[in-house]
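Visitor: model this:
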Amino acid sequence: MTTYHFRNLDALPLFATDKEIAVAVVGPQRAAEWLKARFPTIAARPGFPKIDEFHGGRAVPRVKLFYEEYMGVTGEHPSFAQDGKEDWSGLSIRADRKARAKTNSDAWTDKKRKALEEHRAKKAAEASVEADKTD
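Guide: Sure thing, here's the model as predicted:
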């Protein structure tokens with residue numbers, strides 16, 4: 001069994017095998033699983049270098065360039081950029097705003113209802129006074 005000691009893509013030779021690339025990308029512990037489960041997806045993406053038959057591997061500078069674009073480092077292909085870890089902290093702020101808006105809306109509705117009741121009571125009192133005058 002061959003042991004690979006590549007820590008990153010810069011430590012690879014100019015042309016590397018898929019296994020050597022996997023070790024450099026995800027480390028030796030995860031390389032075998034990554035090669036089976038993830039590598040076919042990455043290898044099928046546009047821009048990922050093909051195997052150079054003459055050299056028996058993929059051009060490492062092109063692999064590195066692909067990953068720079070994929071991760072959004074170069075900014076040339078933002079559609080490849082990973083959006084990172086989800087940040088749900090703003091959700092509670094939105095929920096608070098929504099709750100405040102509902103509370104304000106409920107308060108405004110109550111205020112409107114009271115004003116309408118007062119208006120109707122005033123009109124009823126005026127009508128009662130008017131009715132007393134005609135009697």
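Visitor: would you map out the domains in the chain?
Guide: Per automatic domain parsing, the structural domains of the chain span 9-80, 87-135.
Visitor: mean pLDDT for these: which is lowest?
Guide: Among these, domain 87-135 carries the lowest mean pLDDT, a mean of 80.
Visitor: give me the longest helix you can find in this protein.
Guide: Residue-count comparison of every helix in the chain, with assignments taken from DSSP state H, identifies helix 89-134 as the longest.
Visitor: helices or strands next to that helix in the packing?
Guide: Using 3 or more Cβ pairs under 8 Å, 6 or more residues apart in numbering; DSSP states H and E as the contact definition, helix 89-134 packs against no other helix or strand. In this view, the C-beta of every residue, glycine as well, is placed from N, C-alpha and C.
Visitor: ranking the domains of the chain by burial, who's on top?
Guide: Across the domains of the chain, the average number of neighbours (mean count of other Cβ atoms under 10 Å) peaks for domain 9-80, which reaches a mean of 15.
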